[in-house]
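[1] Here's a sequence, model it:
(5 chains)
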Amino acid sequence: MILELISIILGGMTIGSALMVILSKHPIRSVLYLVITFFFISGHFILMNAQFIAIVNIIVYAGAIMVLFLFVLMLLNLNKVDEKKTNHPISFTAVIAGGALLLVILAALKDGITFTNTIVKSDVGLVENLGTLLFSKYVVPFEISSILFISAMVGAVLLAKREKQHID
Amino acid sequence: MGTETLILFVLLFPLIGGLINGTIGKNLSETVVGTIGTLMVAIPFVISFSIFLSLESAVNIPLFSLLKLSDFSLNAGLQVDALAIWMTMIITGIGSLIHIFSMGYMKGDPGFYKFFSYLNLFIFSMLILVLGSSYFMLFFGWEGVGICSYLLIGFHYNDKEKGLLNTLAARKAFVMNRIGDLGLLIGCFLLINQFGSLEFSVIAEKMKSLSIATDSVAIIGITLCLFIAATGKSAQIPLFTWLPDAMAGPTPVSALIHAATMVTAGIYLVVRSNFLFELAPYTQNIILYIGLATSLVAAFIAMRQNDIKKVLAYSTVSQLGLMFVALGLGSYTVAIFHVTTHAFFKALLFLGSGSIIHANHHEQDLTKMGGLKKYMPVTHLVFLLGTLAISGFPLLSGFFSKDEILAAGFVHSPLIFSLLILSASLTAIYMFRMYFLVFFGQFRGDHHTKEHLHESPGVMTLPLIVLAIFSVLGGALNIPDFIVSNGAHWLDHFLNHGTFGLDKIHSHHLETSSAVGIMIGTSVITFLIIGISYWMYVSKQKVTKDEHDFTGWEKLSSKKLYFDEIYNALFVKSVEWKASKVLPFIENSILIKGIGLLTHMISFSGSQIRKIQTGILSSYFFWMILGIVGLISYYLIYFKLWNF
Amino acid sequence: MEAIIVLFLSGIIALFLGIYNQPKLTTIISVIGLIGAAIVQHYPLNILPAEYNLLEFNQVGNGFVVLAILLTLLIVLSGQKEFLEEKSHAGDYNALLLFSLCGGIILIGFTDLFMFFLGLEILSIPLYVLAGSRKGVSESSEAAVKYFFMGAFATCLLLFGVVLTYGATQSFELSEILSKTINSSGNAMLYVGMIFILASFLFKVGVAPFHFWVPDVYQGSPTVFMGYMSSVVKVVGIYAFIKFFHMAFGGLYDFWSTLIAILIGISMFIGNLTALVQTKFKRLMAYSSITNGAYALMAILYPSALSDSTLWVFMLGYGTSVVALLTISMIVNDDADEIASFKGIGYRKPLIGLVAIAALLSTSGIPPMTGFFGKLMLFSSVWSYYPWLIVFALINSAIGVYIYLRLIMTIMSKETATDTKEVIVSISQTIVLVLSLLLLVAGWLMLLCWK
Amino acid sequence: MPAALSITQGLTVDYYVILSSILFSIGAIGLMTRKNMIVMLMCIELMLNSVNLLLVAFSSYFNQGDAQIFVFFIVVVAAAEATVGLSILILAYRNKRNIDADLFNNLKG
Amino acid sequence: MELLIITVVLGLISFFVPRNSIKLFGLAGSFVSAAIAIIHLINFETGSYVSIFETTEMPFGLTFQIGYDGLGLMMIALTNLIVPIIILSNYNNSATSENRVFHALVFFMQFGLLGVFTAADGILFYIFWEFTLIPVFLILYWFGKGTNKVLLKFFIYTLIGSLGMLLSFIALGLKANSFAYSDLLAVHLPAKEACWIISGFLLAFAIKIPLFPFHTWQPDTYTSAPMSGTMLLSALMLKMALFGMIKWMIPLVPEGVAEIKWLVIILSVIGIIYAAIICIKQQDIKRLFAYASISHLGLIAAGIMVFTKDALVGVSIQIVNHSLIAIGLFLVADILESRLKTRELSHMQGTATLAPKFGFWFAIIAFASVSVPFSAGFIGEFTLLKELTEFHFAVGLLSATTLVFGAVYTLRAYQLSMFGAPKNETFEDLRWNEILVFILLTNAIVGIGLFPQCIADLVGPSLDKLIIIFNETTTH
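    Residues are numbered from 1 along each chain as shown, chains lettered A, B, ... in the order given. All right, here's what the predicted structure looks like:
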């Protein structure tokens, strides 16, 4: 019951911080709220005994990606609120659409949702188990992802590099 | 050589003549062209005369099969019997005379060779018409003469003033004939449907074996169709208005085609189909009344025509009407007899008028003539004979042929008889009006023309004289039996014995007393009319009024009872209105615009759809999310899960 | 797998040659790499250990790989002139194209969702970059932005779908998913997951209402890469789509086929009707690609789509004609991309004219071009299942003919555009034109030796 | 699945399904409403994370490691996407001097 | 085989022939193809089927079969004999006759037509059918003076029709599991389905013929096309549709004929009268002949729908006859247009006086087109009208009005352009090639008019076969 309570509270906090991400006017605040959200989600991971993923999530997302976001924000000097006033009717319809999305997803899934399918505390999320799986069954995808990375790298360089001809 | 071969020569000579003149005639002198043209008709006349002399029974000459269809075939074949050879002789005989005349009349015309070529081709087509062994061949020639007639009516197409008018007349003739042809065509189809063949002989045979009821629908349909065809060619109501207009052609053409030969094709058709018409008294009655009406109407119109050729043209229509009356009364041989005599005197009259016109510098108006007697004695004499013959002057050819029609009418009913008498009297009236106006009194034309008035050359007068002789003596062909005992009704016998169907029809024989009575009566009327006319036009020197000055019935007559105007309003105008207003409207506004509207709608919807593509990212997300919502909703609907 | 390695290696080499400023060599290397990959794919060397053979290629799959390589080859050749204008990046462009193609090949051969997901990303990520590679041009960046955001969103949709599917079936293997789905028609999670996956696929293929990115991105991207997107990516995407839905969700055919048929019907009209009112060439081609993508996707509606050559012929015809037309567009080289600037080019340069006619007629589906046979086979295959869709497709073909015919008339006009520049056709472009002409007219005969 | 443990363990997979659906929808709403492209990028990361959350839940529920490997790959891809995305952002910023998404509407119609 | 190949080869060579000798090359080449057709005619054994080429193993169930029977051979001979005449009549028209591309396109067109007439596979038929559109479109586009709108209309119209046909072929082919003619013949269809399928075919053919109300593309296209283009269209391309109806539509879907028979016949009859009446007041001579063509073809189409042996024989004769007449009339129109620089009848008056030879030959062609005796049309129309009357009296009667209307508008056109006092100063009389064309046409028209049996013999046995197929299905 305690775990259940914790997870419910954690879930509520996750939703709340996620909402703050899209509600806060200032982008830097959004980034910070997002980092907090990631932390909460990692908390869920730990609750489910998926330690490796929890760590990766914090390191890669909160540590690397979000820092990158902050860097870019600072670099482009975008830390002031320059977002135009939100157009209310448009955001209203957008919220309606998003709400409808949630609604239909839940409506569709409602037959399956009985809150009886409880989660087993398993060991599969431990580093050792995952490592074995990754380097045996999923070694090819692992290697293949190198193509992804190299193209992302090349792409980033290609796009972000300043050309000699036109210097702004 | 047998008849089979000879008859081919009869056919081929005019064709060859036409082709020679048409192709190389341009480089030949007029004399050569004329001679070739004439010989190519004269020789067939001689040949056909010899065939006529030796003809014993009908000869059927299959030539070749044009097209074999599943249940019957279109055959080219000839058939020589009494009727055919008689018509051939009329055509070639009168044809050659007119050819001779044309050599003089057309002298100096740039289209001289063409003219002779067309004439020869016309003779050829006409011969096919009468010699053909089937309705198909008849139709072949039927159409052929139509074209030649078209070409000849519009012969002077490039005339500065009247060129287009001439061709309009030609077109009118062709189109009206085509309407008739339509009847013939449909008649042919009905015949095929009924008898499975178009051969005269086969149909005649089947008529016997099939034992078709009198006045059955099929027969009435067929005969009516054939009669429509006949009204087209033979200028009967309602299709008669083309014939007077056709006088736009050169005068020999009028003589040959529109008086002596082509217009009798309708008579020939009905006589040829006598076995069919005999079974359709209903149609015969229609023929009778139409013929009578035509005869009277045309005679009435002829009363106050001022154009010499128009008078003759309406006279022709009127005479053709009389022939149809004879046909309607079942007196086929009488009709042919009248065809024959009419050919003589009408050709004579037309050629005579040609001679007059030639002398008058192509002036045809009666009001501009007068007193020509002294300038053109030969023409005057033959013209007088012709006029007398057509008016039924006793013992001339017209007297006998018309008398037989009257006799037939007398047998039928007194009303018909009296109307026939009226028609015959009208003939005499307008003919003598014309005769006196032309030859008596003072010359009313201009001075210039007067100086040049002259008798026509020998080539022109010679045929006139020959025709005059025939017009006078033609009656001898069919003299009533109470006048001569031996050889009476020779033509009747000849035709009856050599033509399908006719042998079974017995002509009505009047008692001698009534016959003599009719003869005397008509003679008296004719004399009276001549006398009155002489008194009016010669003694009182009455001169006809100008066309515009007519009033009352005279105006009605001069305006041709407004037939042209009525037709124009009823048919021509409505078709032209459709052609120039209604159908282009359908075409442009409904069909084309309709399609245009469709394409416009398509591109309009394109430009509307285009507006969704706003270029703003968040709207694209919005649509995509709505898309997913839609997809899931589809799932919910699909499994009917819409119950929360 | 070997083909991927060959492509990857040649991509790396090209990258390094680019760094050392050898732009022409990079071209040669990429061409060699492409040809080598095609050969290796067709005649496998079998040198890799067995566990590396994670990808499965049946005969049809092989054919599609070869087709993708062939189209890429044409694109690489036709783009050389543009690559060489920015010498310092020629290596990058070539390498990114090759990397992307690797992703494409993975997408053809995948058997589980891991490879599928990675393949999709490897295919897409270089394209996000390439779309924005004309750096000074704001349209190009806009295209990249739009492509990236919508692409990433589509990835999210895909992943959400995958996770729900996994939740319903407990597996990432296509075959196991299939075996689970056959008996579990009532599983809501499976259906919702499938719908999300469907949405992301529809996005990739550009089917309404997920088509919005297509015109904007195509128009903004450099012409070469637009060629790649509308030919290779389409070929691969549609093949993967069909494979995924037949191999994993085959049991739910009744459900999704109707849904997809409806969406295809809508897309055809949206694509064609909007193309009708375009004045920019690339945008017109983009809308036309929506329509043609919809035609091609019809193959999903009949069960034997994966084992016969119908789709192959269609995509051969469509891909080749797109590449040919875009090559012509590059030759015309009009910055504003107005259709009017094509006026008379075909009359002045008969080769271009001939290719343009062949390509446009092929796209219109007029015999004897390859496109006709593609359409014929496609339509006759689907006819028994969705006749009304074929009627729709034929109506759209007619509208399409109107669009393409107007293009032909512009290109073949005797008059020329007023400000006519000298038209220069480079050697590589000539090769592309000749090759595509050959493929367009007689490409369908390749089937004779294919079977 | 083992029902005996359910009461004490407490966490049901359905709960995560709902939670992750909510997070996913929040991300989607953010994508539609926010104009700042960096925030939009963050929304995408949020959506990816909601997927991760659900995957891990399923992984534990099914007692299978594969799903967590999948999460690993998602993280990999997310990193790559973020890299490319940010560089595209920088590029866009250079051209427009702004990263407001609504300003990028030259291509339309 | 050489029948088909030679046209392609000729077309390809045309691109490389020196510009100054292309005229002669075109003429010589087309005469060679004509000679080949004549050889085939001579060697043909009546009632047989000559297979030219046959493979059954092709991708996607297409069978590559070509061959001809009597009907096909008639069309082949017609094509190969008409093309030289077209090239000949175009000989002095320097804009086209000295153009290499033009000749190549004509030869490709000929190839397509031959393909249509020889194809023994539905899809192959469709392929050739569509293929013919391409060269003719380019001829119209490059050498005509039509606006893009007109050309688009032409192309889209015909294409929409052919799409219907394609659909029908697909539906039929899926039933037969093959597209081969013989297999398609064997398919039996339920009535409702047959109705749909035949409608698809009908759409294609009705637009191509064209039947009322699908004809609106035709007058515009004809008037804007160059002379040779108009000739190709009316003399040959329309015949594809008639041929298609006889050989493909009716025998393949006899079950559906009953449903659409009356529709087609009524439309045809409306077309006959409608087009004829429009002609009566038409001022543009080329447009007039275009509408006249609609009127004539309506009669043929109605005849086809009757589908009896006699009707089809009449149709065959009329097909040939109409081709000849169309060439003659459009040549006339072009001579007038090119020399007077106008197509308005009211500006032409009196040409016959200035150019007597032209007047003469125009008269011949005009009379041939109103089907006077000795012309092929006389026999053809006689047979057709006979069958139509037998089919239904009213149909026959209404169709037969074409005799009257035809005379009215043709003679009007002749009269307004040729007769009267000349309006123009000079008018160059016929050139040698034009005279030669007229002589050839006249010989052919008169020849067929006198010996129509040759055509009946040629096509008879194949028609018999078709009718047997038709009757078997419809009676069961």
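
[2] could you list every residue that touches B:Thr316?
    B:235, B:243, B:258-259, B:263, B:342, B:346 (Cβ atoms under 8 Å, 6 or more residues apart in numbering or on different chains). Quick note: C-beta positions are derived from backbone N, CA and C, even for glycine.

[3] if you look at stretch E:206-216, does any of it touch chain C?
    No - shown here: stretch E:206-216 not in contact with chain C (Cβ under 8 Å from any Cβ of the partner chain), separated by at least 11.8 Å.

[4] So what touches that stretch?
    B:587, B:591-592, B:595, E:153, E:157-158, E:160-161, E:217-218, E:237-238, E:240-242, E:244, E:264, E:267-268, E:270-271, E:274-275, E:294, E:297-298, E:301.

[5] can you give me the offset of it from its chain's centre?
    Put simply, stretch E:206-216 sits 13 Å off its chain's centre (Cα atoms, centre = their mean, to the nearest Å).

[6] so how far is the first residue of that stretch from its last?
    For stretch E:206-216, the first-to-last residue distance is 12 Å (Cα to Cα, to the nearest Å).

[7] then stretch C:381-399 to PDB, C-alphas only?
    Extracted in PDB, the C-alpha atoms of stretch C:381-399 (Å, rounded to 0.1, in the frame of the first residue of the first chain):
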ATOM      1  CA  SER C 381      -5.000  -6.300 -57.900                       C
ATOM      2  CA  VAL C 382      -7.000  -4.100 -55.700                       C
ATOM      3  CA  TRP C 383     -10.100  -4.200 -57.900                       C
ATOM      4  CA  SER C 384     -11.500  -7.300 -56.300                       C
ATOM      5  CA  TYR C 385     -11.200  -5.900 -52.900                       C
ATOM      6  CA  TYR C 386     -12.100  -2.200 -53.100                       C
ATOM      7  CA  PRO C 387     -13.700  -1.500 -56.500                       C
ATOM      8  CA  TRP C 388     -14.900   1.900 -55.400                       C
ATOM      9  CA  LEU C 389     -11.400   2.900 -54.600                       C
ATOM     10  CA  ILE C 390     -10.300   2.100 -58.100                       C
ATOM     11  CA  VAL C 391     -13.000   4.200 -59.500                       C
ATOM     12  CA  PHE C 392     -11.800   7.100 -57.300                       C
ATOM     13  CA  ALA C 393      -8.300   6.400 -58.500                       C
ATOM     14  CA  LEU C 394      -9.300   6.500 -62.100                       C
ATOM     15  CA  ILE C 395     -11.100   9.800 -61.600                       C
ATOM     16  CA  ASN C 396      -7.900  11.100 -60.000                       C
ATOM     17  CA  SER C 397      -5.900   9.700 -62.800                       C
ATOM     18  CA  ALA C 398      -7.900  11.800 -65.200                       C
ATOM     19  CA  ILE C 399      -7.400  14.900 -63.100                       C
END
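
[8] Flag every buried residue along it.
    C:381-383, C:386, C:389-399 (16 or more other Cβ atoms under 10 Å in any protein chain shown).

[9] Show me what E:Tyr68 is bridged to.
    For E:Tyr68, the beta-bridge partners are E:Val50 (DSSP bridges).

[10] so how far is the helix or strand encompassing B:Tyr435 off the chain centroid?
    Element membership for B:Tyr435 (DSSP states H and E) is helix B:414-439. In this view, helix B:414-439 has its centroid 22 Å away from the chain centroid, taken as Cα atoms, centre = their mean.

[11] Buried residues in it, which are they?
    B:416-417, B:419-439.

[12] mean confidence for the next helix or strand along the chain from that helix?
    Downstream of helix B:414-439, the next assigned helix or strand under DSSP H and E is helix B:447-452. In this model, helix B:447-452 has a mean pLDDT of 78.

[13] what comes into contact with helix B:447-452?
    B:359-361, B:363, B:368, B:443.

[14] Pull up the gap between the residue of the stretch 401-550 of chain B found nearest chain E and chain D, please.
    When scored by Cβ to the nearest Cβ, the stretch 401-550 of chain B has B:Phe500 as its residue closest to chain E, at 23.4 Å. Separation of B:Phe500 from chain D (Cβ to the nearest Cβ, to the nearest Å): 85 Å.

[15] Tell me, how many residues neighbour residue 97?
    Picking chain A for this. A:Ala97 has 21 neighbours, counted by other Cβ atoms under 10 Å in any protein chain shown.

[16] meant chain D actually
    10.

[17] Does the closest residue to chain D within chain A lie in a helix or a strand, and which?
    Proximity of chain A to chain D (Cβ to the nearest Cβ) peaks at A:Glu4, 2.9 Å away. Applying DSSP H and E as the criterion places A:Glu4 in helix A:2-23.

[18] what about the helix or strand just after that helix and chain C, touching?
    Counting by DSSP H and E, the element after helix A:2-23 in chain order, helix or strand, is helix A:27-47. No - interface with chain C: helix A:27-47 contributes nothing (Cβ under 8 Å from any Cβ), its closest point being 14.1 Å away.

[19] Could you list every helix and strand in contact with helix A:27-47?
    For helix A:27-47, the helices and strands in contact under the criterion 3 or more Cβ pairs under 8 Å, 6 or more residues apart in numbering or on different chains; DSSP states H and E are helix A:2-23, helix A:51-56, helix A:66-75, helix D:37-62.

[20] Pick the most buried one from those.
    The highest mean neighbour count among these, using mean count of other Cβ atoms under 10 Å in any protein chain shown, belongs to helix D:37-62: a mean of 27.

[21] between the helix or strand just after that one and helix A:27-47, how many degrees?
    Heading C-terminal from helix D:37-62, the first helix or strand you meet, by DSSP H and E, is helix D:66-96. Angle between the axes of helix D:66-96 and helix A:27-47 is 170 degrees (criterion: axes from the mean of the first three to the mean of the last three Cα atoms, to 10 degrees).
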